[in-house]
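Novice: need coordinates for the following:
(one chain, ligands or ions: 2)
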Amino acid sequence: MSHHQAITVLGGGSFGTIIANIAAENGHQVRLWMRDAQQAEEVEKSRVNNRYMPDYPLLANVEACSDIGYAVADSHLIFMAVPSKAFRQVLRQIKPCIQPEAQIVSTTKGIESDSFKLMSQIMCEELPDHPIGVLSGPNLAKEVARRQLTATVIASNNPQVRAAVQRVLRRDYFRIYANNDMYGVELGGALKNIYAIATGMAAALGMGENTRSMLMTRSLAEMSRFAVCLGANPLTFIGLAGVGDLAVTCMSPLSRNYRVGHALGKGGSLGQIVEELGEVAEGVGTLQIVKHWATELGVYMPLVDGLYEVVFNQRPVQQVVQALMGGEQSSDVEFVLPRGN
Ligand SMILES: NC(=O)c1ccc[n+]([C@@H]2O[C@H](COP(=O)([O-])OP(=O)(O)OC[C@H]3O[C@@H](n4cnc5c(N)ncnc54)[C@H](O)[C@@H]3O)[C@@H](O)[C@H]2O)c1
Ligand SMILES: O=P(O)(O)OC[C@H](O)CO
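Specialist: Ligands and ions are numbered 1, 2, ... in the order given. As a prediction, this is how the structure comes out:
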């Protein structure tokens, strides 16, 4: 019996394209859906997704298409690779056409704005009978496309989903670790985008590695505090989907979120920066959502508060930095200190 199966990837941006090709490298028949019919036709003909992933030839067993019903018709494993804004709407589109036992895996690193919901929660609401998982980790699409050694995490409560994703995506340059902490893994992927904006901004302002290290370390404390409050496992944050993804996104100019922060630090306006980027930088929306959510939950997130002031209230960055660095020292406890210290 052949182990090759029909796989679907929904979303023809950078990440969807590499996920589709990796599954195809393993011999699976892959349908890569994109909403723009003309783009799908061009990709199908040229065998390259020129807009998002030029110089990355697609294998013959990747079929680009724009008919979403056709894309999911025979598939038992569907990867979602659309931005968080479109996530629920795309799930609603596929609901009437998918196989009853199809597994759905999110690769999206964001939070739904009005509801504060994570992609796993949206999947549970929209497709309650389907096994689900989330894929997240330090995975810059352009580096994966160059087949640079990379690891990622599949998180699911369902062992069959974890095994299916490991089987379908495993390559000698792409290793997949399993985890059962879905909230932790997807919160790691979504939250780190916020802090990449902050480190991009710091670099643009001429700050060096001490500053970056301080920002990243305090970001990790802040994001894990928030995630644990939502029920995530703190251990997830010392793994690939936590500190791993935070590190890559806060350090690489290949990260769109880092680039947005860098351009803001150089004095650009948010609207123009996002428009010129032409790709999704989830951190901008996530910052707004987390700022409100943390306030509601009463979670202490000074970096989120400060960055929000700079990005959305045009408060001078020097003022915010001064407030952060000049605050009362006795409240700055790195860890809960043992008794007597
Ligand atoms: N690029 C990466 O390195 C990377 C790595 C891991 C995860 N991700 C995550 O994957 C998700 C997608 O990112 P990407 O990098 O592929 O983005 P992208 O900007 O490269 O592409 C987004 C794709 O989604 C499509 N899209 C946008 N709105 C849509 C809608 N309403 N309906 C259908 N399709 C729509 C766009 O046309 C485009 O094809 C994001 O949440 C991102 O954080 C990205
Ligand atoms: O380009 P970014 O900032 O969306 O980051 C890409 C990936 O999430 C890195 O793991």
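
Novice: burial measure for the residue of the stretch 1-150 of the chain at minimum distance from ligand 1, as a count.
Specialist: Closest approach of the stretch 1-150 of the chain to ligand 1 (C-beta to the nearest ligand atom) occurs at Gly13, with a separation of 1.7 Å. Where you see a C-beta, it was placed from the backbone N, CA and C, and this is true even at glycine. Residues lying near Gly13 (other C-beta atoms under 10 Å) number 18.

Novice: mind listing what the residue nearest to it when sequence neighbours are not counted touches?
Specialist: Nearest residue to Gly13, sequence neighbours excluded (C-beta to C-beta, 6 or more residues apart in numbering): Tyr52, at 5.0 Å. When contacts are counted by C-beta atoms under 8 Å, 6 or more residues apart in numbering, Tyr52 touches Gly12, Gly13, Ser14, Thr17, Glu279.

Novice: in the residues you listed, which residue is surrounded by the most others?
Specialist: When neighbours are taken as other C-beta under 10 Å, the top entry among those is Thr17 (28 neighbours).

Novice: how far is the strand or helix carrying that residue from where the chain is centred?
Specialist: Using DSSP states H and E, Thr17 sits within helix 14-25. Distance of helix 14-25 from the chain centroid (C-alpha atoms, centre = their mean, to the nearest Å) equals 16 Å.

Novice: what helices or strands is that helix leaning on?
Specialist: Contacts defined by 3 or more C-beta pairs under 8 Å, 6 or more residues apart in numbering; DSSP states H and E place helix 14-25 against strand 6-10, strand 29-33, strand 62-65, strand 77-80, helix 141-145, helix 159-169.

Novice: same list, those, but as JSON lines with mean pLDDT, distance to ligand 1 and mean neighbour count please.
Specialist: Below are these laid out as JSON lines (pLDDT from 0 to 100; distance: least, C-beta to the nearest ligand atom, whole Å; neighbours: other C-beta atoms under 10 Å):
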{"stretch": "strand 6-10", "mean pLDDT": "98", "distance to ligand 1": "7", "mean neighbour count": "26"}
{"stretch": "strand 29-33", "mean pLDDT": "98", "distance to ligand 1": "8", "mean neighbour count": "25"}
{"stretch": "strand 62-65", "mean pLDDT": "98", "distance to ligand 1": "11", "mean neighbour count": "22"}
{"stretch": "strand 77-80", "mean pLDDT": "98", "distance to ligand 1": "8", "mean neighbour count": "26"}
{"stretch": "helix 141-145", "mean pLDDT": "98", "distance to ligand 1": "3", "mean neighbour count": "19"}
{"stretch": "helix 159-169", "mean pLDDT": "98", "distance to ligand 1": "13", "mean neighbour count": "18"}
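
Novice: can you redo those as CSV with distance to ligand 2?
Specialist: Shown next, in CSV, are those (distance: least, C-beta to the nearest ligand atom, whole Å):
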stretch, distance to ligand 2
strand 6-10, 16
strand 29-33, 19
strand 62-65, 21
strand 77-80, 14
helix 141-145, 7
helix 159-169, 15
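
Novice: quick revisit: which among the contacts of Tyr52 are in contact with ligand 2?
Specialist: By C-beta under 6 Å from any ligand atom, no member of those lies near ligand 2.

Novice: rewinding a little: isn't the residue of the stretch 1-150 of the chain closest to ligand 1 right up against Glu279?
Specialist: Yes. The pair Gly13 and Glu279 qualifies as a contact (C-beta atoms under 8 Å) at a distance of 6.8 Å.

Novice: so Ser103 sits against Val134, correct?
Specialist: If you look again at residue 103, you'll see it is Gln, not Ser. No. Assessed by C-beta under 8 Å, Gln103 is found out of contact with Val134, at 11.8 Å.

Novice: which of those two has more neighbours?
Specialist: Between Gln103 and Val134, Val134 has the larger neighbour count (other C-beta under 10 Å), namely 32 against 21.

Novice: using the three-state scheme, assign the more buried one.
Specialist: strand (DSSP: H, G, I helix; E, B strand; the rest coil).

Novice: ok, now which ones touch the nearest residue to Asn61 once chain neighbours are set aside?
Specialist: Spatial nearest neighbour of Asn61, excluding adjacent residues (C-beta to C-beta, 6+ apart): Ala24 at 4.6 Å. When contacts are counted by C-beta under 8 Å, 6+ apart, Ala24 touches Val30, Leu58, Leu59, Asn61, Val62.
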